[in-house]
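[1] Sequence and predicted structure are below.
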Amino acid sequence: MPGIQLFDNRRDRKSPFARFEKSRLGLYLHIPFCRAKCAYCDFYSFVPNEEEIMERYVDALILHMQSYRAGAKDYLPDTVFIGGGTPTALPIELLLKLIRAVKRNFTLAKGAEFTLEANPATVDVGMLRRLRWAGVNRLSMGLQSANNEELAALSRVHRREDFAESFRAARRARIENINVDLMFGIPYQTKKSLMKTLAYVVRLGPEHISLYDLILEPSTPLAKRAPGLPMPSDDEEADMYLAAVEFLAQNGYAQYEVSNFARPGYQCRHNLKYWNCEEYLGLGASAHSYFRDSRFSFARDVKRYMHGIEVPTSRIKMTDENDVISPQERIGEYIMLRFRLTAGLSDREFTRRFGFSFTQKYGKKMQPYISGGFAAYKDGVYALTPRGMFVSNYILSDLLDFEDLGQLHLFSGMK
Ligand code: SF4
């Protein structure tokens, strides 16, 4: 298919058995449909006005997977993530059809992590049982806040009560690995209300919690409304973040990334691929990939995406981005991603990868952050502290010469 990237079989072969080994891969599928558009959201998603477009999209996505089938036979996806949008906005039969197609077109590793994003009020126990039976073993649920006034300010379609019901339904469906997405910096939110939300979630006992800072994207309705709403100040947000990190640690959720916390053994293996600079393939409108030193993303336009797949001779441009990463950019990305993780950046590993020492080039610049309590250095490993993570954008732009590094393309694949 013109414009569609296919796997090739060139591989680094390091061990004599390498040709029998399969490379690990994260597989991401993007579903761009939602029940309603949240006021803060700038993800590629929309409310479909007919079921037909969902059917057509799922068929296109399946065709897209098929186009990778031959080229991907040397790969063993060990994580699958169906995200969006709201995948559970799809009728259950379409969702099951998609999951069956994943298994038909890719050989999944034994014990692969298989995550589905779901919004409260879009799931019930019967549907979740069928999804569990089909292979979904991790559910990521967007609660954002347990305070109904805050949820209304975000235009979420659910209330706290809907979430409790959906969470219980997931447990009844024997889903034993659940993530709950939360946010701070929401209109009307105070440190006290955030702590109440956290206490509520901890009592429910999910295995994983994500806590994102609300970013007011200029194009969103919330950004326009925000000046008239009570928004927490930067200092209040810093307070909220640090208190949340401490509270979650006290309750058994260790921080492992700027916004992510997990019980032992439940870190998100799929998202770790992004931060560990490992390969992943994203299919669907607006989905991003990192594969063979290239980053590419498919059209952020569902009609263009579907047409490109359905009519391979149409010469329609399927990708929005398609960049080979220069060695300089790779260094910058590596530093930025490692500093997202509490595991930090090992100088020995850095030297092994890039042929020079991190300390030699950046050690002096790190010093004030270490003495100010924003970063730590121990046994050859640099890591940001929670205080440093809150201001990591500032530290990284100070550390890295962005002009030297060129345009960095970072995307988390998270919501
Ligand atoms: S935040 Fe999630 S549920 Fe809300 S519109 Fe965006 S993708 Fe849809």
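    Okay, I see it. Computed from a prediction, not measured in an experiment: that's the story for all the values here. Numbering: from 1, shown residues only.
[2] Can you report how many residues lie near residue 367?
    12 (other Cβ atoms under 10 Å). In short, each C-beta sits where N, CA and C put it, glycine included.
[3] Okay, now the unreliable bits of this protein?
    For the chain, applying pLDDT under 70 flags the ranges 1-20, 402-415.
[4] so what are the domain limits for it?
    20-275, 327-405 (automatic domain parsing).
[5] highest average neighbour count across the ones you listed?
    domain 20-275 (a mean of 19; mean count of other Cβ atoms under 10 Å).
[6] Report whether it contacts the ligand.
    Yes: judged by Cβ under 6 Å from any ligand atom, domain 20-275 and the ligand are in contact via 34, 37-38, 41, 43, 45, 84-86, 119, 142.
[7] Name the residues of stretch 284-299 that are buried.
    284-291, 295-299 (16 or more other Cβ atoms under 10 Å).
[8] and the end-to-end length of that stretch?
    End-to-end distance for stretch 284-299: 8 Å, by Cα to Cα, to the nearest Å.
[9] give me every residue that touches the residue of the stretch 251-400 of the chain at minimum distance from the ligand.
    Distances between the stretch 251-400 of the chain and the ligand by Cβ to the nearest ligand atom are smallest at residue 286, namely 11.0 Å. Going by Cβ atoms under 8 Å, 6 or more residues apart in numbering, residue 286 touches 30, 32, 43-44, 297-300, 320.
[10] Quick one: these as CSV, columns for secondary structure too.
    Output for the contacts of residue 286, formatted as CSV (DSSP: H, G, I helix; E, B strand; the rest coil):
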residue, secondary structure
30, strand
32, coil
43, coil
44, coil
297, strand
298, strand
299, coil
300, coil
320, strand
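[11] from those residues, which is closest to residue 52?
    residue 32 (14.9 Å; Cβ to Cβ).
[12] Against the ligand, how distant is residue 225?
    Residue 225 sits 16 Å away from the ligand when distances are taken as Cβ to the nearest ligand atom, to the nearest Å.
[13] Please state the backbone phi and psi of that residue?
    Main-chain dihedrals, residue 225, degrees, to the nearest 10: phi -80, psi -20.
[14] repeat for the one 5 residues further on
    The phi and psi torsions at residue 230 (degrees, to the nearest 10) take the values phi -80, psi 110.
[15] Could you check how far it is from residue 153?
    Residue 230 is 9 Å from residue 153, where distance means Cβ to Cβ, to the nearest Å.
[16] which residues do those two both contact?
    187-188.
[17] what helix or strand does residue 330 sit in?
    For residue 330, the enclosing helix or strand under DSSP states H and E is helix 327-338.
[18] For the helix or strand following that helix, name the packing helices and strands.
    Toward the C-terminal end, the helix or strand that comes next after helix 327-338 (DSSP H and E) is strand 345-346. Other helices and strands packing on strand 345-346, by 3 or more Cβ pairs under 8 Å, 6 or more residues apart in numbering; DSSP states H and E, are helix 327-338, strand 381-384.
[19] Other residues contacting strand 345-346?
    Under Cβ under 8 Å, 6+ apart, the answer for strand 345-346 is 334-335, 338-339, 358, 380-383.
[20] now the next helix or strand after it against helix 327-338, angle please.
    Downstream of strand 345-346, the next assigned helix or strand under DSSP H and E is helix 347-354. Angle of helix 347-354 versus helix 327-338, following axes from the mean of the first three to the mean of the last three Cα atoms, to 10 degrees, is 150 degrees.
[21] Please renumber the chain so that the first residue is 116 from this point on.
    Understood, numbering begins at 116; the last thing we discussed is helix 462-469.
[22] what sits up against helix 462-469?
    Contacts for helix 462-469 (Cβ under 8 Å, 6+ apart): 446, 449, 472-474, 495-497.
[23] so where do the helices sit in the stretch 216-365 of the chain?
    240-249, 263-268, 275-287, 306-319, 336-340, 349-365 (DSSP state H, counting those that start in this stretch).
[24] how about the longest one as CSV, C-alpha atoms only?
    By that I understand helix 349-365. Provided in CSV are the C-alpha atoms of helix 349-365 (Å, rounded to 0.1, in the frame of the first residue of the first chain):
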residue,chain,number,x,y,z
ASP,A,349,1.2,27.0,40.1
ASP,A,350,2.3,26.9,43.8
GLU,A,351,-0.9,25.2,44.8
GLU,A,352,-0.4,22.6,42.0
ALA,A,353,3.2,21.9,43.1
ASP,A,354,1.8,21.4,46.6
MET,A,355,-0.9,19.0,45.3
TYR,A,356,1.6,17.0,43.3
LEU,A,357,4.1,16.5,46.2
ALA,A,358,1.4,15.6,48.6
ALA,A,359,-0.1,13.1,46.1
VAL,A,360,3.3,11.4,45.6
GLU,A,361,3.8,11.1,49.3
PHE,A,362,0.2,9.9,50.0
LEU,A,363,0.4,7.3,47.2
ALA,A,364,3.7,6.0,48.4
GLN,A,365,2.3,5.6,52.0
